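>>> What would the 3D arrangement of this be:
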Amino acid sequence: EVQLVESGGGLVQPGGSLRLSCAASGFTFGIYDMSWVRQAPGKGPEWVSGINSGGGRTYYADFVKGRFTISRDNAKNTLYLQLNSLKPEDTAVYYCAKRAFTDSSWAPNELREYDYWGQGTLVTVSS
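Model prediction:
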């Protein structure tokens, strides 16, 4: 059974930082591209960042470039998202998502690419 368990969310002041983690199990983590997706209150989900299976290629939505960093540790079956310079508009539930396929035709920002999401971890940015 595929399981994705996020952690690391919380309340942080504007300008602060958090590190999110996603522990994966039930599949061969190291051969799948992965992403982070977020959903703000009252809004639909939006893609945040993606990383290829080997960790050598990363992708970011324009609104987080230079502030967030995605990484992965395939030996630990864990995906990370470092969030820096947080803004109130970053308030959302953050989900890690597993890509459905392992071929090379990956469109990281397309939510239809992902077949499993975790339960999410809430990030609240407020003073």
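>>> Wait, a helix at residue 71?
No: applying DSSP: H, G, I helix; E, B strand; the rest coil, one finds residue 71 to be strand, outside a helix.
>>> Just list the residues touching the residue nearest the centre of the chain, thanks.
In the chain, the residue lying closest to the centroid (CA atoms, centre = their mean) is residue 36, at 1.9 Å. By CB atoms under 8 Å, 6 or more residues apart in numbering, the residues touching residue 36 are 20, 22, 47-50, 70, 79, 81, 94-97. In short, each C-beta sits where N, CA and C put it, glycine included.
>>> Isn't residue 29 up against residue 96?
No: Residue 29 is beyond contact range of residue 96, at 10.8 Å (criterion: CB atoms under 8 Å).
>>> Those two: who's more crowded?
Neighbours were tallied for residue 29 and for residue 96 using other CB atoms under 10 Å; the higher tally belongs to residue 96 (30 against 23).
>>> other SSEs contacting the host helix or strand of the more buried one?
Using DSSP states H and E, residue 96 sits in strand 92-99. Helices and strands touching strand 92-99, as assessed by 3 or more CB pairs under 8 Å, 6 or more residues apart in numbering; DSSP states H and E, comprise strand 3-7, strand 18-25, strand 34-39, strand 78-83, strand 114-117, strand 121-125.
>>> For the third one, buried residues please.
Neighbour counts using 16 or more other CB atoms under 10 Å place 34-38 of strand 34-39 among the buried residues.
>>> Of those, which pair is most distant in space?
Farthest apart among these by CB to CB are 34 and 38. That separation is 14.4 Å.
>>> Excluding sequence neighbours, find me the nearest residue to residue 10.
Nearest residue to residue 10, sequence neighbours excluded (CB to CB, 6 or more residues apart in numbering): residue 18, at 6.4 Å.
>>> Let me know how buried residue 45 is, in neighbour terms.
Considering only other CB under 10 Å, residue 45 is surrounded by 16 other residues.
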